[in-house]
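Peer 1: Coordinates for the following, if possible.
(one chain, ligands or ions: 1)
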Amino acid sequence: MKALSIKKLEKVYKNNFPALKGVDLEVEEGDFFALLGSNGAGKSTTIGIISGLVNKTAGQVRIFDTDIDTDPAKAKSYLGLVPQEFNFNQFEPLIEILINQAGYYGINRKLAYQRAEQYLRQLELWDKRHEMARELSGGMKRRLMIARALVHNPRLLILDEPTAGVDIEIRRSMWTFLTELNRQGVTIILTTHYLEEAESLCKNIAIIDHGITIEHSNMHKLLSQLDRETIILYLQNSLQHLPAEFANYDIRLADTDTIEADIKAPLTMNKLFSLFNAHNIEIKGMRNKSNRLEHLFMCLLEKNRNNTALLETIQQTHAETEQL
Ligand code: ADP
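Peer 2: Model prediction:
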């Protein structure tokens, strides 16, 4: 079953700005899905429409086969939302925030308390349960938002940049928590600017740009489109020059202690290391020059924008020809 199905979603804001011009998304139940796009691409608008906070102009949204237009309450009951902004009452104790949230979904106080305890413990906030939310650190507030979104046990959890501004330790513990939640069957959709986060967590991915879906794919398939990767290799002993044979490949000396190599046919990793062995060059470490998804993301955006520019030129030429 699809956890989320969005067809031809459009949004024109009151100032006539067309934020969404045809977003299509399909997210399978159980998926861990990344929704990516630059600032202003339309991610928050899409999430706002899914969660009933923003009215759509056109298109269809179904959550677990329930249309948000025909049965909004049922559709909403499937959904837990973690928006970007902290929108809880800062002067309320954590435990009350969670119990009140459960109340909106008709959950009785006893069960609400049990759920609140479960999620506050899992997100390492239980010791703070009687403190006011405003006394929490940024990372704790972020985790409180997640606990609150889960208190009615939603089948689909949407997180809008959950790790923005969160330190690496808390980010890692959030990753572990979300992975475990997904393993237990909760479908997760995530927007993030940390592409290594999307790459390591998500199975499927969509990219939106200027209000349309420009890519919708399996993460591994998408990454396998990469026709080259640049690897940085750290030398055990300094080198002034590379052996002449290296000139047949895209291998360069970045400085006397570092080599950069483009792994691209005919050069493979095996070939690269056989070259090093043949010339007694010892490598003490290596890394990818840039994140693979980041590289692809930039290529896809560039391709889409070139296509859009080309289309606009064609349309303009058409219009000018018609005027003649
Ligand atoms: P993202 O979340 O991908 O950064 P948004 O959905 O927030 O993108 O915004 C998409 C576009 O819609 C942006 O150009 C933004 O300026 C515009 N926009 C967002 N909210 C409003 C609004 N309430 N009124 C007018 N334009 C808006």
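Peer 1: and the longest helix seen in the chain, average pLDDT?
Peer 2: If you go by DSSP state H, the chain has its longest helix at helix 292-323. For helix 292-323, mean pLDDT rounds to 74.
Peer 1: Packing partners of it?
Peer 2: Where contact means 3 or more CB pairs under 8 Å, 6 or more residues apart in numbering; DSSP states H and E, helix 292-323 is packed against helix 195-201, strand 204-209, strand 212-218, helix 219-224. All C-beta atoms are positioned from the backbone trio N, CA, C, and that covers glycine.
Peer 1: How many residues are close by the residue nearest to residue 128 when sequence neighbours are not counted?
Peer 2: In space, and not counting its chain neighbours, residue 128 is closest to residue 94: 5.8 Å by CB to CB, 6 or more residues apart in numbering. By other CB atoms under 10 Å, 27 other residues sit near residue 94.
Peer 1: now do residue 304
Peer 2: 17.
Peer 1: Would you mind measuring from it to residue 298?
Peer 2: For residue 304, the distance to residue 298 equals 11 Å [CB to CB, to the nearest Å].
Peer 1: picking up where we left off before, mean pLDDT, distance to the ligand and mean neighbour count added to the helices and strands packed on helix 292-323, as a markdown table?
Peer 2: Formatted as a markdown table, the helices and strands packed on helix 292-323 follow (pLDDT from 0 to 100; distance: least, CB to the nearest ligand atom, whole Å; neighbours: other CB atoms under 10 Å):
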| stretch | mean pLDDT | distance to the ligand | mean neighbour count |
| --- | --- | --- | --- |
| helix 195-201 | 86 | 14 | 18 |
| strand 204-209 | 94 | 7 | 23 |
| strand 212-218 | 92 | 12 | 17 |
| helix 219-224 | 82 | 19 | 14 |
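Peer 1: how about the ones you listed in JSON lines, adding distance to residue 133?
Peer 2: Formatted as JSON lines, the helices and strands packed on helix 292-323 follow (distance: least, CB to CB, whole Å):
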{"stretch": "helix 195-201", "distance to residue 133": "25"}
{"stretch": "strand 204-209", "distance to residue 133": "32"}
{"stretch": "strand 212-218", "distance to residue 133": "36"}
{"stretch": "helix 219-224", "distance to residue 133": "35"}
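Peer 1: Ok, which of those comes nearest residue 2?
Peer 2: strand 204-209 (11.9 Å; CB to CB).
Peer 1: And the lowest mean pLDDT element among the helices and strands of this protein?
Peer 2: Every helix and strand of the chain was ranked by mean pLDDT, DSSP states H and E. The lowest is helix 292-323, at a mean of 74.
Peer 1: Name the residues of that helix that are buried.
Peer 2: Going by neighbour count (16 or more other CB atoms under 10 Å), the buried part of helix 292-323 is 292-293, 295-297, 300-301, 304.
Peer 1: Could you report the distance from residue 155 to residue 287?
Peer 2: Between residue 155 and residue 287 the distance is 38 Å, computed by CB to CB.
Peer 1: Between these two, point out the one with more neighbours.
Peer 2: More crowded of residue 155 and residue 287, by other CB under 10 Å: residue 155, with 17 against 9.
Peer 1: roughly how far apart are the more buried one and residue 38?
Peer 2: Distance from residue 155 to residue 38, by CB to CB: 30 Å.
Peer 1: Ramachandran angles for residue 70?
Peer 2: With angles defined as degrees, to the nearest 10, residue 70 sits at phi -80, psi -30.
Peer 1: pretty sure residue 84 belongs to a helix, no?
Peer 2: No: counting by DSSP: H, G, I helix; E, B strand; the rest coil, one finds residue 84 to be coil, located in no helix.
Peer 1: Can you name every helix or strand that the helix or strand hosting residue 118 contacts?
Peer 2: If you go by DSSP states H and E, residue 118 is part of helix 109-122. Contacts defined by 3+ CB pairs under 8 Å, 6+ apart place helix 109-122 against helix 94-104, helix 138-150.
Peer 1: hang on, the earlier thing: quick one: work out the angle between the longest helix of the chain and strand 204-209.
Peer 2: Relative orientation of helix 292-323 versus strand 204-209 (axes from the mean of the first three to the mean of the last three CA atoms, to 10 degrees): 40 degrees.
Peer 1: Is the ligand within reach of helix 292-323?
Peer 2: No: Helix 292-323 does not reach the ligand (CB under 6 Å from any ligand atom); its nearest approach is 12.6 Å.
Peer 1: Give me every residue in the chain lying close to the ligand.
Peer 2: With the criterion set to CB under 6 Å from any ligand atom, the chain comes near the ligand through 13, 15, 17, 19, 37, 39-45.
Peer 1: which of those sit farthest apart?
Peer 2: Across the residues of the chain next to the ligand, the two lying at the largest distance from each other (CB to CB) are 15 and 37, at 20.6 Å.
Peer 1: the more surrounded of the two?
Peer 2: Neighbours per residue (other CB under 10 Å) separate residue 15 from residue 37, with residue 37 holding more: 25 against 5.
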